[in-house]
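> any chance you can model this:
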Amino acid sequence: MAAVNLPPELWDSILTFAAENDFIGTWTHGRQVCHAWNSAITQIYRDIYLRDHKRFTVYFDPEEDFEPEPGYGKVSFAVEMIFDRFDTLRPWRCVFSENLNTTGQAREWTKEAYEDMYEATKTARWRSRVLLYQGPYEEAREEGGMFYAPAHVIRLIGLRCPGGEKGHIHNVDEQCAIVNDTELSGLEVDFDRREISFDWIAMFDAFFAEAAELRRRNDAPTAESEREAWRVTAQASEFDTVHQASDLTSQKRWHNLRNRKDVRRERVRKFYLKRHGRDFFDEDWRDVADIEEDALRKIARREGWAQNRGNYLPAWLEE
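This is a model prediction of the structure:
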């Protein structure tokens, strides 16, 4: 079949439409077609997703609050980061800085006397959490970095997501938004300036690859018992419609949670097999099961499913 000869502007419109409507498949498959598509799609994602402060964020939450006095009120130590600039010497790397519209500032009610304490403590908490995950340098990470407990959560909101233009999502699926904690490739951190930099193309590769695998599993339930439960729910009487619809949503949600947990574990397993020649989940994971649950809860909150800190997972998912 002869190649379709279209003006470059029309190809750009077609690929932009694809990126808006299937941001997972366009990145994972569209870029494999040819060098021209690879370059065009990479630029489209750079412009409409990476650089959009509302649609692409990296979130660090130590799950701690600042409370200078009992009853005074609390301020979160969370740090949300957004695109700032590209590295001038390494254009494949981007620099993200703190979003001061959402995090990083003591609230209006915070006394001036506490402002320096808040900022210093926040930086210390962030530094501690990142180094616990990464290690202070690459050698330390290879020896003892907590790769199974990322310090960050990445969120991308699609252009078709309701409320996405304002950076808002609630109980959405991967068709509207992607939230996970895949690696920020080549992560470098400036703690004093509260900036991070990373290879954004390699980061997107890992980010979308895991999202594609998760979507594949979510779209194809494998357990016969799950399929039967969904079939029975779909045939519920009119009297039970509301209750059963709620049950169906819950069943799908738990099914998706199980898939996410499995996909995350496969990522961690591959890392430890490559770096250490051992299966992390055969030896160490039971000692850090609570850390794994914390990571899943952080992802759920950024998805809009879990609004508050605390246990949101069913008991069978903690196994």
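
> for Tyr59, see how far away Thr102 is.
Between Thr102 and Tyr59 the computed distance is 9 Å (CB to CB, to the nearest Å). (C-beta placed from N, C-alpha, C; glycine too.)

> quick check: neighbours shared by the two?
Common contacts of Thr102 and Tyr59, defined by CB atoms under 8 Å, 6 or more residues apart in numbering, comprise Glu80.

> quick one: the strands in the stretch 101-250 of the chain?
152-157, 177-180, 188-190, 195-199 (DSSP state E, counting those that start in this stretch).

> dump those strands to JSON lines, plus mean neighbour count and distance to Glu64.
Output for the strands of the stretch 101-250 of the chain, formatted as JSON lines (neighbours: other CB atoms under 10 Å; distance: least, CB to CB, whole Å):
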{"stretch": "strand 152-157", "mean neighbour count": "22", "distance to Glu64": "16"}
{"stretch": "strand 177-180", "mean neighbour count": "24", "distance to Glu64": "21"}
{"stretch": "strand 188-190", "mean neighbour count": "15", "distance to Glu64": "19"}
{"stretch": "strand 195-199", "mean neighbour count": "20", "distance to Glu64": "19"}
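
> for the ones you listed, give me TSV that also has distance to Asp84.
Shown next, in TSV, are these (distance: least, CB to CB, whole Å):
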stretch	distance to Asp84
strand 152-157	16
strand 177-180	21
strand 188-190	11
strand 195-199	7
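
> looking at Thr102 and Tyr59, which is more packed in?
Shown here are Thr102 and Tyr59; by other CB atoms under 10 Å, Tyr59 has more neighbours (22 against 16).

> now do whichever strand or helix holds Thr42 against strand 152-157, angle only.
Following DSSP states H and E, one finds Thr42 within helix 35-45. Put simply, helix 35-45 runs at 100 degrees to strand 152-157, going by axes from the mean of the first three to the mean of the last three CA atoms, to 10 degrees.

> buried residues in helix 35-45?
For helix 35-45, the neighbour count (16 or more other CB atoms under 10 Å) marks 37, 40-42, 44-45 as buried.

> for it, packing partners?
In terms of contacts (3 or more CB pairs under 8 Å, 6 or more residues apart in numbering; DSSP states H and E), helix 35-45 is packed against helix 8-21, helix 23-28.

> can you pull the contacts of Tyr272?
Tyr272 touches 147, 278-280, counting by CB under 8 Å, 6+ apart.

> tally of neighbours for the residue lying closest to Met81 once chain neighbours are set aside?
Excluding its sequence neighbours, the residue lying closest to Met81 (CB to CB, 6 or more residues apart in numbering) is Phe96, at 4.1 Å. Phe96 has 22 neighbours, counted by other CB under 10 Å.

> so which elements touch the helix or strand where Phe96 lies?
Under the criterion of DSSP H and E, Phe96 resides in strand 93-98. Contacts defined by 3+ CB pairs under 8 Å, 6+ apart place strand 93-98 against strand 79-86, strand 195-199.

> distance to Ala295 added to those strands, as JSON lines?
Formatted as JSON lines, the helices and strands packed on strand 93-98 follow (distance: least, CB to CB, whole Å):
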{"stretch": "strand 79-86", "distance to Ala295": "17"}
{"stretch": "strand 195-199", "distance to Ala295": "18"}
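
> need those strands in JSON lines with distance to Glu9 and mean pLDDT, can you?
Putting the helices and strands packed on strand 93-98 into JSON lines (distance: least, CB to CB, whole Å; pLDDT from 0 to 100) gives the following:
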{"stretch": "strand 79-86", "distance to Glu9": "25", "mean pLDDT": "93"}
{"stretch": "strand 195-199", "distance to Glu9": "30", "mean pLDDT": "94"}
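
> appreciated, that's everything.
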